[in-house]
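K.L.:
Sequence and predicted structure are below.
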Amino acid sequence: MEPLELHPDRFFDPDPSIRRIARTLYEEVRDLPLVCPHGHVPPELLDHNEPFPEPTSLLIIPDHYIFRMLYAQGVPLEDLGIPTRDGTPVETDPRAIWQRFAARYHLFLGTPTRAWLDHVFYEVFGLRVKLSAETAMHVYDRILEQLQDPSFRPRALFERFNIEVLTTTDGAADALVHHRNLRASGWGGRVIPCFRPDAVFRLAAPSWRAEVARLAEAAGMDIAGYADFIRALEVRRAFFKEMGATSTDHAVLEPYTERLSEAEASRLFERGLRGRATAEDQRRFEAHLLMEMARMSVEDGLVMQLHAGAFRDHNEAVYRRFGPDKGGDIPVATEYTRNLRALLNAYGTDPRFTLVVFTLDESTYARELAPMAGHYPAMRLGPAWWFFDSIEGIRRYREWTTETAGVYNTAGFNDDTRAFLSIPARHDLCRRVDANYVAGLVARHQVDLSDARRMVRAMAYDLARETYRLGDAAPAPAPSRDGAAGARDD
(Lines give C-alpha, C1' and ligand atoms only; values in the text may rest on other atoms or scores of the structure.)
Protein backbone atom coordinates (compact mmCIF):
# COMPACT_ATOMS: atom_id res chain seq x y z
CA MET A 1 0.00 0.00 0.00
CA GLU A 2 1.37 3.38 -1.02
CA PRO A 3 1.27 5.83 1.92
CA LEU A 4 -0.98 8.88 1.87
CA GLU A 5 0.87 11.99 3.00
CA LEU A 6 -0.08 15.65 3.20
CA HIS A 7 3.09 17.69 2.92
CA PRO A 8 3.14 20.56 5.45
CA ASP A 9 4.33 22.93 2.69
CA ARG A 10 1.70 21.98 0.12
CA PHE A 11 0.68 24.83 -2.18
CA PHE A 12 3.58 27.02 -0.98
CA ASP A 13 6.16 28.47 -3.35
CA PRO A 14 9.30 26.40 -4.02
CA ASP A 15 11.35 29.57 -3.47
CA PRO A 16 12.61 29.11 0.13
CA SER A 17 12.43 32.82 0.97
CA ILE A 18 8.71 32.96 0.08
CA ARG A 19 7.98 29.55 1.55
CA ARG A 20 9.35 30.48 4.98
CA ILE A 21 7.15 33.58 5.16
CA ALA A 22 4.12 31.67 3.86
CA ARG A 23 4.51 29.13 6.66
CA THR A 24 4.56 31.85 9.27
CA LEU A 25 1.51 33.63 7.86
CA TYR A 26 -0.44 30.41 7.41
CA GLU A 27 0.26 29.22 10.96
CA GLU A 28 -1.35 32.39 12.29
CA VAL A 29 -4.64 31.77 10.47
CA ARG A 30 -4.85 28.00 10.11
CA ASP A 31 -6.89 27.55 13.31
CA LEU A 32 -9.20 30.53 12.96
CA PRO A 33 -12.90 29.59 12.96
CA LEU A 34 -14.47 28.79 9.59
CA VAL A 35 -16.91 31.40 8.33
CA CYS A 36 -19.12 29.89 5.63
CA PRO A 37 -21.37 32.72 4.34
CA HIS A 38 -22.46 31.00 1.12
CA GLY A 39 -22.97 27.30 0.47
CA HIS A 40 -25.37 24.52 -0.32
CA VAL A 41 -25.22 22.11 2.63
CA PRO A 42 -28.83 20.99 3.18
CA PRO A 43 -30.06 22.22 6.60
CA GLU A 44 -31.83 18.91 7.22
CA LEU A 45 -28.38 17.31 7.50
CA LEU A 46 -27.79 19.18 10.76
CA ASP A 47 -31.42 19.14 11.84
CA HIS A 48 -31.75 15.35 11.67
CA ASN A 49 -28.16 14.76 12.81
CA GLU A 50 -28.32 11.16 11.69
CA PRO A 51 -25.29 8.98 10.86
CA PHE A 52 -23.94 9.54 7.38
CA PRO A 53 -24.65 6.78 4.86
CA GLU A 54 -21.95 4.51 3.53
CA PRO A 55 -18.97 6.14 1.72
CA THR A 56 -20.31 6.01 -1.85
CA SER A 57 -23.59 7.76 -0.99
CA LEU A 58 -21.68 10.29 1.08
CA LEU A 59 -18.74 11.17 -1.15
CA ILE A 60 -19.46 10.18 -4.77
CA ILE A 61 -23.14 10.22 -5.74
CA PRO A 62 -23.88 13.80 -4.51
CA ASP A 63 -20.65 15.36 -5.83
CA HIS A 64 -20.68 16.57 -9.44
CA TYR A 65 -16.98 17.48 -9.17
CA ILE A 66 -16.28 13.75 -8.92
CA PHE A 67 -18.69 12.20 -11.37
CA ARG A 68 -18.23 14.84 -14.10
CA MET A 69 -14.55 13.84 -14.33
CA LEU A 70 -15.41 10.14 -14.49
CA TYR A 71 -18.12 10.83 -17.07
CA ALA A 72 -15.57 12.75 -19.17
CA GLN A 73 -13.42 9.60 -19.14
CA GLY A 74 -16.24 7.43 -20.44
CA VAL A 75 -17.82 6.09 -17.25
CA PRO A 76 -21.63 6.15 -17.66
CA LEU A 77 -23.44 8.00 -14.88
CA GLU A 78 -25.62 4.90 -14.48
CA ASP A 79 -22.50 2.98 -13.45
CA LEU A 80 -21.89 5.55 -10.70
CA GLY A 81 -25.36 5.15 -9.21
CA ILE A 82 -26.63 8.60 -10.25
CA PRO A 83 -30.44 8.40 -10.01
CA THR A 84 -32.41 8.84 -13.23
CA ARG A 85 -35.45 11.06 -13.57
CA ASP A 86 -37.68 8.23 -14.79
CA GLY A 87 -36.48 5.71 -12.23
CA THR A 88 -34.80 3.39 -14.73
CA PRO A 89 -32.19 1.12 -13.15
CA VAL A 90 -28.68 2.27 -12.24
CA GLU A 91 -25.89 0.60 -10.31
CA THR A 92 -27.00 0.02 -6.71
CA ASP A 93 -23.98 -1.79 -5.28
CA PRO A 94 -22.04 0.93 -3.41
CA ARG A 95 -18.87 -1.15 -3.30
CA ALA A 96 -18.89 -1.62 -7.08
CA ILE A 97 -19.25 2.14 -7.54
CA TRP A 98 -16.47 2.85 -5.04
CA GLN A 99 -14.19 0.39 -6.84
CA ARG A 100 -14.77 2.15 -10.18
CA PHE A 101 -14.00 5.49 -8.56
CA ALA A 102 -10.88 4.24 -6.77
CA ALA A 103 -9.48 2.64 -9.92
CA ARG A 104 -9.65 6.07 -11.59
CA TYR A 105 -8.58 8.21 -8.66
CA HIS A 106 -5.43 9.14 -10.59
CA LEU A 107 -7.63 11.15 -12.98
CA PHE A 108 -7.93 13.83 -10.30
CA LEU A 109 -4.19 14.45 -9.90
CA GLY A 110 -3.44 18.17 -10.02
CA THR A 111 -7.08 19.16 -9.44
CA PRO A 112 -8.60 20.83 -6.37
CA THR A 113 -10.94 17.83 -6.06
CA ARG A 114 -7.93 15.60 -5.40
CA ALA A 115 -6.54 18.08 -2.88
CA TRP A 116 -9.89 18.30 -1.06
CA LEU A 117 -10.45 14.53 -1.04
CA ASP A 118 -6.94 13.72 0.17
CA HIS A 119 -7.48 16.23 2.99
CA VAL A 120 -10.79 14.55 3.89
CA PHE A 121 -9.24 11.10 3.83
CA TYR A 122 -6.21 12.16 5.90
CA GLU A 123 -7.60 14.73 8.33
CA VAL A 124 -11.22 13.67 8.78
CA PHE A 125 -10.90 9.89 8.56
CA GLY A 126 -7.27 9.47 9.60
CA LEU A 127 -6.37 7.35 6.57
CA ARG A 128 -2.70 6.83 5.81
CA VAL A 129 -2.85 4.87 2.55
CA LYS A 130 -3.55 6.25 -0.92
CA LEU A 131 -6.83 5.36 -2.52
CA SER A 132 -6.32 3.09 -5.54
CA ALA A 133 -7.85 0.05 -7.18
CA GLU A 134 -5.83 -2.13 -4.80
CA THR A 135 -6.77 -0.25 -1.61
CA ALA A 136 -10.38 0.55 -2.52
CA MET A 137 -12.10 -1.90 -0.17
CA HIS A 138 -9.65 -1.25 2.67
CA VAL A 139 -10.39 2.49 2.48
CA TYR A 140 -14.12 1.89 2.07
CA ASP A 141 -14.28 -0.33 5.16
CA ARG A 142 -12.21 2.09 7.29
CA ILE A 143 -14.51 4.99 6.39
CA LEU A 144 -17.65 2.89 6.87
CA GLU A 145 -16.46 1.82 10.33
CA GLN A 146 -15.83 5.41 11.43
CA LEU A 147 -19.16 6.67 10.12
CA GLN A 148 -20.90 4.54 12.76
CA ASP A 149 -19.19 6.46 15.58
CA PRO A 150 -21.22 9.29 17.20
CA SER A 151 -18.23 11.61 16.76
CA PHE A 152 -18.91 11.47 13.00
CA ARG A 153 -22.47 12.74 13.25
CA PRO A 154 -23.02 16.05 11.41
CA ARG A 155 -23.28 18.27 14.49
CA ALA A 156 -20.20 16.72 16.08
CA LEU A 157 -18.24 17.33 12.89
CA PHE A 158 -19.59 20.89 12.68
CA GLU A 159 -18.02 21.52 16.09
CA ARG A 160 -14.84 19.60 15.29
CA PHE A 161 -14.41 21.61 12.08
CA ASN A 162 -14.67 24.81 14.15
CA ILE A 163 -17.42 26.23 11.95
CA GLU A 164 -18.53 29.55 13.39
CA VAL A 165 -21.43 30.13 11.02
CA LEU A 166 -22.85 28.14 8.11
CA THR A 167 -25.22 29.70 5.58
CA THR A 168 -27.50 27.46 3.53
CA THR A 169 -29.27 28.42 0.28
CA ASP A 170 -33.07 28.33 0.35
CA GLY A 171 -35.88 29.04 -2.11
CA ALA A 172 -38.15 32.04 -1.65
CA ALA A 173 -41.11 29.85 -0.64
CA ASP A 174 -39.14 27.57 1.68
CA ALA A 175 -40.79 27.24 5.11
CA LEU A 176 -37.34 26.92 6.72
CA VAL A 177 -38.63 24.08 8.87
CA HIS A 178 -35.16 22.69 9.46
CA HIS A 179 -33.88 26.09 10.51
CA ARG A 180 -36.79 26.37 12.94
CA ASN A 181 -35.97 22.96 14.36
CA LEU A 182 -32.31 23.82 14.77
CA ARG A 183 -33.18 27.00 16.63
CA ALA A 184 -35.52 25.10 18.92
CA SER A 185 -33.10 22.22 19.54
CA GLY A 186 -30.83 24.06 21.96
CA TRP A 187 -27.77 23.08 19.92
CA GLY A 188 -25.23 25.91 19.80
CA GLY A 189 -24.20 25.71 16.12
CA ARG A 190 -25.09 28.78 14.07
CA VAL A 191 -26.84 27.81 10.82
CA ILE A 192 -28.66 30.56 8.93
CA PRO A 193 -30.65 30.69 5.68
CA CYS A 194 -30.02 32.70 2.51
CA PHE A 195 -32.93 34.00 0.40
CA ARG A 196 -32.65 32.73 -3.21
CA PRO A 197 -35.70 33.62 -5.34
CA ASP A 198 -34.36 32.47 -8.74
CA ALA A 199 -37.33 30.17 -9.43
CA VAL A 200 -39.84 33.03 -9.31
CA PHE A 201 -37.67 35.23 -11.53
CA ARG A 202 -37.66 32.81 -14.50
CA LEU A 203 -40.76 34.16 -16.16
CA ALA A 204 -40.60 31.92 -19.26
CA ALA A 205 -39.94 28.66 -17.42
CA PRO A 206 -42.75 26.06 -17.57
CA SER A 207 -42.72 25.85 -13.77
CA TRP A 208 -42.93 29.63 -13.17
CA ARG A 209 -46.65 29.88 -12.43
CA ALA A 210 -46.45 27.00 -9.96
CA GLU A 211 -43.51 28.70 -8.24
CA VAL A 212 -45.48 31.96 -7.97
CA ALA A 213 -48.35 29.99 -6.41
CA ARG A 214 -45.92 28.53 -3.87
CA LEU A 215 -44.63 32.04 -3.12
CA ALA A 216 -48.18 33.28 -2.57
CA GLU A 217 -48.95 30.44 -0.19
CA ALA A 218 -45.72 30.99 1.76
CA ALA A 219 -46.39 34.73 2.03
CA GLY A 220 -49.99 34.13 3.09
CA MET A 221 -51.51 36.29 0.38
CA ASP A 222 -53.00 36.22 -3.09
CA ILE A 223 -50.78 37.23 -6.01
CA ALA A 224 -53.11 38.65 -8.62
CA GLY A 225 -50.61 40.98 -10.27
CA TYR A 226 -47.13 42.42 -10.27
CA ALA A 227 -47.61 44.67 -7.21
CA ASP A 228 -48.75 41.66 -5.15
CA PHE A 229 -45.72 39.72 -6.39
CA ILE A 230 -43.32 42.40 -5.19
CA ARG A 231 -45.08 42.61 -1.84
CA ALA A 232 -44.84 38.82 -1.43
CA LEU A 233 -41.09 38.96 -2.04
CA GLU A 234 -40.77 41.66 0.63
CA VAL A 235 -42.79 39.55 3.08
CA ARG A 236 -40.61 36.52 2.48
CA ARG A 237 -37.38 38.51 2.82
CA ALA A 238 -38.60 39.79 6.18
CA PHE A 239 -39.32 36.21 7.29
CA PHE A 240 -35.86 35.05 6.22
CA LYS A 241 -34.30 37.93 8.11
CA GLU A 242 -36.27 36.97 11.25
CA MET A 243 -34.82 33.48 10.84
CA GLY A 244 -31.27 34.85 10.89
CA ALA A 245 -30.57 35.47 7.19
CA THR A 246 -28.06 38.19 6.36
CA SER A 247 -27.95 37.75 2.58
CA THR A 248 -29.77 37.01 -0.66
CA ASP A 249 -28.41 35.18 -3.70
CA HIS A 250 -29.22 35.50 -7.38
CA ALA A 251 -27.93 33.25 -10.17
CA VAL A 252 -28.17 34.63 -13.70
CA LEU A 253 -26.61 33.78 -17.02
CA GLU A 254 -26.11 37.46 -17.81
CA PRO A 255 -25.78 40.15 -15.09
CA TYR A 256 -28.02 42.54 -17.01
CA THR A 257 -29.82 45.22 -14.94
CA GLU A 258 -32.54 47.58 -16.15
CA ARG A 259 -35.19 49.63 -14.35
CA LEU A 260 -38.59 49.13 -16.00
CA SER A 261 -41.65 51.23 -15.43
CA GLU A 262 -44.25 49.63 -13.21
CA ALA A 263 -46.56 49.41 -16.22
CA GLU A 264 -43.97 47.54 -18.26
CA ALA A 265 -43.10 45.19 -15.37
CA SER A 266 -46.81 44.50 -14.89
CA ARG A 267 -47.23 43.77 -18.60
CA LEU A 268 -44.42 41.20 -18.52
CA PHE A 269 -45.83 39.65 -15.35
CA GLU A 270 -49.24 39.26 -17.00
CA ARG A 271 -47.62 37.60 -20.03
CA GLY A 272 -46.04 35.13 -17.64
CA LEU A 273 -49.36 34.40 -15.96
CA ARG A 274 -50.88 33.64 -19.37
CA GLY A 275 -47.96 31.34 -20.25
CA ARG A 276 -46.86 33.56 -23.15
CA ALA A 277 -43.59 35.00 -21.85
CA THR A 278 -40.58 34.77 -24.18
CA ALA A 279 -36.90 34.43 -23.39
CA GLU A 280 -36.49 38.16 -24.03
CA ASP A 281 -39.37 38.90 -21.65
CA GLN A 282 -37.61 36.86 -19.00
CA ARG A 283 -34.30 38.63 -19.63
CA ARG A 284 -35.87 42.04 -19.06
CA PHE A 285 -37.98 40.84 -16.11
CA GLU A 286 -34.91 39.39 -14.37
CA ALA A 287 -32.96 42.60 -15.06
CA HIS A 288 -35.72 44.65 -13.43
CA LEU A 289 -36.04 42.29 -10.46
CA LEU A 290 -32.31 42.59 -9.77
CA MET A 291 -32.93 46.32 -9.44
CA GLU A 292 -35.81 45.58 -7.08
CA MET A 293 -33.67 43.21 -5.03
CA ALA A 294 -31.06 45.95 -4.66
CA ARG A 295 -33.77 48.41 -3.57
CA MET A 296 -35.03 45.94 -0.99
CA SER A 297 -31.49 45.32 0.26
CA VAL A 298 -31.08 49.04 0.87
CA GLU A 299 -34.25 48.91 2.96
CA ASP A 300 -33.80 45.65 4.89
CA GLY A 301 -29.99 45.39 5.02
CA LEU A 302 -29.64 41.95 3.45
CA VAL A 303 -26.39 41.59 1.50
CA MET A 304 -27.04 40.92 -2.20
CA GLN A 305 -24.99 38.25 -3.99
CA LEU A 306 -24.87 37.94 -7.77
CA HIS A 307 -23.55 34.75 -9.39
CA ALA A 308 -23.35 35.15 -13.16
CA GLY A 309 -22.04 33.30 -16.17
CA ALA A 310 -23.04 29.63 -15.84
CA PHE A 311 -24.71 28.10 -18.89
CA ARG A 312 -26.80 25.55 -17.07
CA ASP A 313 -27.33 21.97 -18.30
CA HIS A 314 -25.27 22.31 -21.47
CA ASN A 315 -25.47 18.54 -21.99
CA GLU A 316 -29.13 18.12 -22.94
CA ALA A 317 -29.07 14.32 -22.85
CA VAL A 318 -27.70 14.26 -19.31
CA TYR A 319 -30.24 16.87 -18.20
CA ARG A 320 -33.16 14.94 -19.70
CA ARG A 321 -32.09 11.65 -18.13
CA PHE A 322 -30.61 12.77 -14.78
CA GLY A 323 -31.83 16.32 -14.14
CA PRO A 324 -29.93 19.48 -13.15
CA ASP A 325 -26.63 19.79 -11.26
CA LYS A 326 -25.04 16.79 -12.91
CA GLY A 327 -21.79 18.37 -14.04
CA GLY A 328 -23.10 19.80 -17.30
CA ASP A 329 -22.87 23.50 -16.41
CA ILE A 330 -20.31 25.41 -18.51
CA PRO A 331 -19.01 29.00 -18.08
CA VAL A 332 -19.67 31.65 -20.71
CA ALA A 333 -18.00 34.97 -21.51
CA THR A 334 -19.67 37.58 -19.33
CA GLU A 335 -19.82 41.40 -19.47
CA TYR A 336 -20.25 43.44 -16.28
CA THR A 337 -19.35 47.07 -17.00
CA ARG A 338 -22.44 47.89 -19.06
CA ASN A 339 -24.72 45.25 -17.54
CA LEU A 340 -24.30 46.45 -13.93
CA ARG A 341 -24.27 50.15 -14.70
CA ALA A 342 -27.97 50.74 -14.00
CA LEU A 343 -27.82 48.96 -10.65
CA LEU A 344 -24.57 50.57 -9.51
CA ASN A 345 -25.66 54.05 -10.57
CA ALA A 346 -28.84 53.63 -8.57
CA TYR A 347 -27.43 51.98 -5.43
CA GLY A 348 -23.65 51.61 -5.70
CA THR A 349 -22.86 54.55 -3.44
CA ASP A 350 -25.53 53.90 -0.80
CA PRO A 351 -23.86 53.01 2.53
CA ARG A 352 -26.77 50.71 3.40
CA PHE A 353 -26.14 48.46 0.40
CA THR A 354 -23.61 45.67 -0.16
CA LEU A 355 -23.36 43.82 -3.48
CA VAL A 356 -21.03 40.81 -3.78
CA VAL A 357 -20.31 39.93 -7.43
CA PHE A 358 -18.95 36.56 -8.59
CA THR A 359 -17.76 35.52 -12.02
CA LEU A 360 -16.88 32.44 -14.03
CA ASP A 361 -15.09 34.61 -16.60
CA GLU A 362 -11.58 35.23 -15.28
CA SER A 363 -10.87 37.69 -18.10
CA THR A 364 -13.15 40.18 -16.33
CA TYR A 365 -11.16 40.30 -13.07
CA ALA A 366 -8.65 42.96 -14.05
CA ARG A 367 -10.60 44.59 -16.87
CA GLU A 368 -14.01 45.09 -15.23
CA LEU A 369 -14.66 43.70 -11.77
CA ALA A 370 -11.60 44.93 -9.87
CA PRO A 371 -12.00 48.49 -11.24
CA MET A 372 -15.69 48.52 -10.27
CA ALA A 373 -15.07 47.05 -6.80
CA GLY A 374 -12.25 49.55 -6.41
CA HIS A 375 -14.62 52.43 -7.13
CA TYR A 376 -18.19 51.75 -5.96
CA PRO A 377 -18.43 51.75 -2.14
CA ALA A 378 -21.26 49.20 -2.13
CA MET A 379 -19.53 46.58 -4.29
CA ARG A 380 -17.34 43.75 -3.07
CA LEU A 381 -15.65 41.23 -5.32
CA GLY A 382 -16.61 37.66 -4.48
CA PRO A 383 -13.86 35.03 -4.21
CA ALA A 384 -12.70 32.74 -6.98
CA TRP A 385 -15.77 30.63 -7.66
CA TRP A 386 -16.64 27.10 -8.81
CA PHE A 387 -14.21 26.08 -11.57
CA PHE A 388 -11.67 28.58 -10.20
CA ASP A 389 -11.91 27.70 -6.51
CA SER A 390 -8.56 26.01 -6.97
CA ILE A 391 -4.86 26.41 -6.33
CA GLU A 392 -4.12 28.28 -9.56
CA GLY A 393 -7.55 29.94 -9.71
CA ILE A 394 -7.17 31.57 -6.29
CA ARG A 395 -3.63 32.67 -7.13
CA ARG A 396 -4.78 34.26 -10.39
CA TYR A 397 -7.68 35.95 -8.60
CA ARG A 398 -5.32 37.64 -6.14
CA GLU A 399 -2.76 38.57 -8.78
CA TRP A 400 -5.32 40.07 -11.16
CA THR A 401 -7.44 41.99 -8.64
CA THR A 402 -5.26 43.17 -5.75
CA GLU A 403 -3.41 45.97 -7.49
CA THR A 404 -6.68 47.63 -8.53
CA ALA A 405 -9.22 46.64 -5.86
CA GLY A 406 -6.89 45.86 -2.98
CA VAL A 407 -7.70 43.10 -0.53
CA TYR A 408 -10.27 45.05 1.48
CA ASN A 409 -12.72 45.44 -1.40
CA THR A 410 -13.04 41.67 -1.66
CA ALA A 411 -15.45 39.46 0.28
CA GLY A 412 -13.03 36.98 1.84
CA PHE A 413 -13.58 33.28 1.17
CA ASN A 414 -16.65 31.08 0.98
CA ASP A 415 -16.65 27.38 0.21
CA ASP A 416 -19.87 27.26 -1.90
CA THR A 417 -20.23 23.52 -1.40
CA ARG A 418 -22.79 20.78 -0.84
CA ALA A 419 -20.00 18.45 0.31
CA PHE A 420 -20.08 19.06 4.07
CA LEU A 421 -16.97 17.02 4.84
CA SER A 422 -14.88 19.06 2.41
CA ILE A 423 -15.51 22.44 4.08
CA PRO A 424 -12.30 22.43 6.17
CA ALA A 425 -10.27 21.24 3.17
CA ARG A 426 -11.51 24.12 1.01
CA HIS A 427 -10.79 26.75 3.66
CA ASP A 428 -7.38 25.28 4.37
CA LEU A 429 -6.42 25.31 0.69
CA CYS A 430 -7.48 28.94 0.32
CA ARG A 431 -5.65 30.00 3.48
CA ARG A 432 -2.48 28.38 2.21
CA VAL A 433 -2.71 29.94 -1.27
CA ASP A 434 -3.52 33.37 0.14
CA ALA A 435 -0.68 33.13 2.66
CA ASN A 436 1.66 32.22 -0.17
CA TYR A 437 0.47 35.17 -2.29
CA VAL A 438 1.03 37.66 0.54
CA ALA A 439 4.37 36.05 1.35
CA GLY A 440 5.48 36.98 -2.15
CA LEU A 441 4.59 40.61 -1.44
CA VAL A 442 6.68 40.47 1.74
CA ALA A 443 9.61 38.81 -0.02
CA ARG A 444 9.56 41.59 -2.63
CA HIS A 445 9.33 44.20 0.15
CA GLN A 446 5.96 45.51 -1.05
CA VAL A 447 4.45 45.02 2.42
CA ASP A 448 6.06 44.35 5.76
CA LEU A 449 5.34 41.36 7.95
CA SER A 450 2.98 43.11 10.35
CA ASP A 451 0.81 44.34 7.47
CA ALA A 452 0.99 40.89 5.87
CA ARG A 453 -0.39 39.34 9.06
CA ARG A 454 -3.37 41.69 8.99
CA MET A 455 -3.97 40.99 5.30
CA VAL A 456 -3.96 37.22 5.67
CA ARG A 457 -6.26 37.29 8.68
CA ALA A 458 -8.65 39.53 6.74
CA MET A 459 -8.63 37.14 3.77
CA ALA A 460 -9.19 34.08 5.96
CA TYR A 461 -11.77 35.42 8.40
CA ASP A 462 -12.48 39.12 8.94
CA LEU A 463 -13.62 40.11 5.44
CA ALA A 464 -16.29 37.41 5.21
CA ARG A 465 -17.74 38.37 8.61
CA GLU A 466 -17.71 42.07 7.75
CA THR A 467 -19.07 41.72 4.21
CA TYR A 468 -21.94 39.46 5.22
CA ARG A 469 -22.72 41.40 8.43
CA LEU A 470 -22.28 38.38 10.66
CA GLY A 471 -21.51 40.16 13.92
CA ASP A 472 -18.44 40.54 16.09
CA ALA A 473 -15.29 38.70 15.04
CA ALA A 474 -13.01 36.57 17.17
CA PRO A 475 -10.01 38.40 18.66
CA ALA A 476 -6.83 38.43 16.62
CA PRO A 477 -4.15 36.00 17.82
CA ALA A 478 -0.93 37.40 19.22
CA PRO A 479 1.78 37.73 16.56
CA SER A 480 4.31 34.93 16.37
CA ARG A 481 7.43 35.80 18.36
CA ASP A 482 9.58 33.98 15.86
CA GLY A 483 8.69 36.11 12.83
CA ALA A 484 9.27 35.02 9.26
CA ALA A 485 12.89 34.14 9.79
CA GLY A 486 12.03 31.79 12.62
CA ALA A 487 10.02 29.33 10.55
CA ARG A 488 11.13 25.75 10.18
CA ASP A 489 14.39 25.30 8.26
CA ASP A 490 14.21 23.90 4.74
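P.N.:
It's in. Numbers count the residues shown, from 1 in each chain.
K.L.:
And R481, what's its pLDDT?
P.N.:
pLDDT, R481: 36.
K.L.:
Next up, phi/psi of the closest residue to I330 other than its chain neighbours, please.
P.N.:
With sequence-adjacent residues excluded and distances taken as CB to CB, 6 or more residues apart in numbering, I330 is closest to H314, at 4.4 Å. Glycine gets a C-beta too; all of them are placed from N, C-alpha and C. According to degrees, to the nearest 10, the main-chain angles of H314 amount to phi -60, psi -40.
K.L.:
How many residues are close by H314?
P.N.:
H314: 14 surrounding residues under other CB atoms under 10 Å.
K.L.:
For it, which residues are in contact?
P.N.:
Applying CB atoms under 8 Å, 6 or more residues apart in numbering, we find H314 in contact with 328-330.
K.L.:
and if you look at V90?
P.N.:
For V90, the contact set (CB under 8 Å, 6+ apart) comprises 77-84.
K.L.:
same thing with D329?
P.N.:
Neighbour list for D329: 310-314 [criterion: CB under 8 Å, 6+ apart].
K.L.:
what about R352, how many residues close to it?
P.N.:
Look at R352: counted by other CB under 10 Å, it has 11 neighbours.
K.L.:
likewise P33?
P.N.:
Neighbour tally, P33, other CB under 10 Å: 16.
K.L.:
Ok, the one 4 residues further on next?
P.N.:
Neighbouring residues of P37 were enumerated by other CB under 10 Å; the total is 26.
K.L.:
Surely it is in contact with S247?
P.N.:
Yes - if you go by CB atoms under 8 Å, P37 and S247 touch, sitting 6.7 Å apart.
K.L.:
Give me the common contacts of those two.
P.N.:
167, 468.
K.L.:
State the three-state secondary structure for the most centrally placed residue in the chain.
P.N.:
Per CA atoms, centre = their mean, the C-alpha nearest to the average position across the chain is that of D416, at 1.4 Å. Following DSSP: H, G, I helix; E, B strand; the rest coil, the label given to D416 is coil.
K.L.:
what separates the residue nearest to I330 from E234, distance-wise?
P.N.:
H314 is 35 Å from E234, where distance means CB to CB, to the nearest Å.
K.L.:
now E164
P.N.:
Counting by CB to CB - E164 and E234 are separated by 30 Å.
K.L.:
Who has more neighbours out of the two?
P.N.:
Using other CB under 10 Å as the criterion, E164 and E234 rank with E164 on top: 19 against 16.
K.L.:
is it true that the more buried one touches P33?
P.N.:
Yes - using CB under 8 Å, E164 is in contact with P33, at 3.7 Å.
K.L.:
circling back to that earlier point, in the contacts of D329, which residue is surrounded by the most others?
P.N.:
When neighbours are counted by other CB under 10 Å, A310 leads the contacts of D329 with 20 neighbours.
K.L.:
before we move on, back to that, now do the phi/psi pair for the residue nearest to the centre of the chain.
P.N.:
Main-chain dihedrals, D416, degrees, to the nearest 10: phi 50, psi 50.
K.L.:
show me what contacts it?
P.N.:
D416 neighbours (CB under 8 Å, 6+ apart): 38-40, 385-386, 389.
K.L.:
pLDDT and secondary structure added to those residues, as TSV?
P.N.:
Shown next, in TSV, are the contacts of D416 (pLDDT from 0 to 100; DSSP: H, G, I helix; E, B strand; the rest coil):
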residue	pLDDT	secondary structure
H38	97	coil
G39	96	coil
H40	96	coil
W385	97	coil
W386	96	helix
D389	97	coil
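K.L.:
quick one: secondary structure of A184?
P.N.:
helix.
K.L.:
Can you check what pLDDT the model gives G471?
P.N.:
88.
K.L.:
Please tell me I have it right and it contacts I192.
P.N.:
No - using CB under 8 Å, G471 is not in contact with I192, being 10.8 Å away.
K.L.:
Looking at those two, which one has more neighbours?
P.N.:
Taking neighbours as other CB under 10 Å, G471 and I192 compare with I192 leading, 25 against 11.
K.L.:
State the phi and psi torsions of that one.
P.N.:
phi -130, psi 150.
K.L.:
Over to D249?
P.N.:
phi -140, psi 140.
K.L.:
burial of it, as a residue count?
P.N.:
21.
K.L.:
Test my guess that it contacts H40.
P.N.:
No - at 10.1 Å, D249 does not count as touching H40 under the criterion of CB under 8 Å.
K.L.:
what do those two both touch?
P.N.:
T169.
K.L.:
Hmm, L117 is touching F108, no?
P.N.:
Yes - using CB under 8 Å, L117 is in contact with F108, at 7.1 Å.
K.L.:
show me where pLDDT drops low in the chain?
P.N.:
Along the chain, the model assigns pLDDT under 70 to residues 473-490.
K.L.:
what do you get if the cut-off is 90, keeping everything else the same?
P.N.:
Residues of the chain that meet the criterion pLDDT under 90 lie in 1, 325, 471-490.
K.L.:
mind listing the strands in it by residue range?
P.N.:
With DSSP state E as the criterion, the chain has strands at 34-36, 163-167, 170-171, 191-192, 195-196, 247-252, 303-308, 310-311, 330-331, 355-358, 379-381.
K.L.:
Dump the ones you listed into TSV; add distance to L344 as well.
P.N.:
Below are the strands of the chain laid out as TSV (distance: least, CB to CB, whole Å):
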stretch	distance to L344
strand 34-36	26
strand 163-167	24
strand 170-171	27
strand 191-192	27
strand 195-196	21
strand 247-252	15
strand 303-308	11
strand 310-311	22
strand 330-331	23
strand 355-358	8
strand 379-381	7
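K.L.:
For F152, find the nearest of these.
P.N.:
Nearest to F152, of all these, is strand 163-167, at 15.2 Å by CB to CB.
K.L.:
So which residues make contact with that closest one?
P.N.:
Identification of contacts with strand 163-167 by CB under 8 Å, 6+ apart yields 33-39, 41, 46, 158, 189-194, 245-247, 423, 468, 470, 474.
K.L.:
try it again with 6 Å
P.N.:
Contacts to strand 163-167, defined as CB atoms under 6 Å, 6 or more residues apart in numbering, come from residues 33-38, 190-192, 194, 470.
K.L.:
ok, now stretch 348-358?
P.N.:
Contacts of stretch 348-358 (CB under 6 Å, 6+ apart): 297-298, 303-307, 347, 376-380, 382, 385, 411.
K.L.:
Just name the closest of those to P206, please.
P.N.:
Ranked by distance to P206 (CB to CB), those are led by H307 at 22.9 Å.
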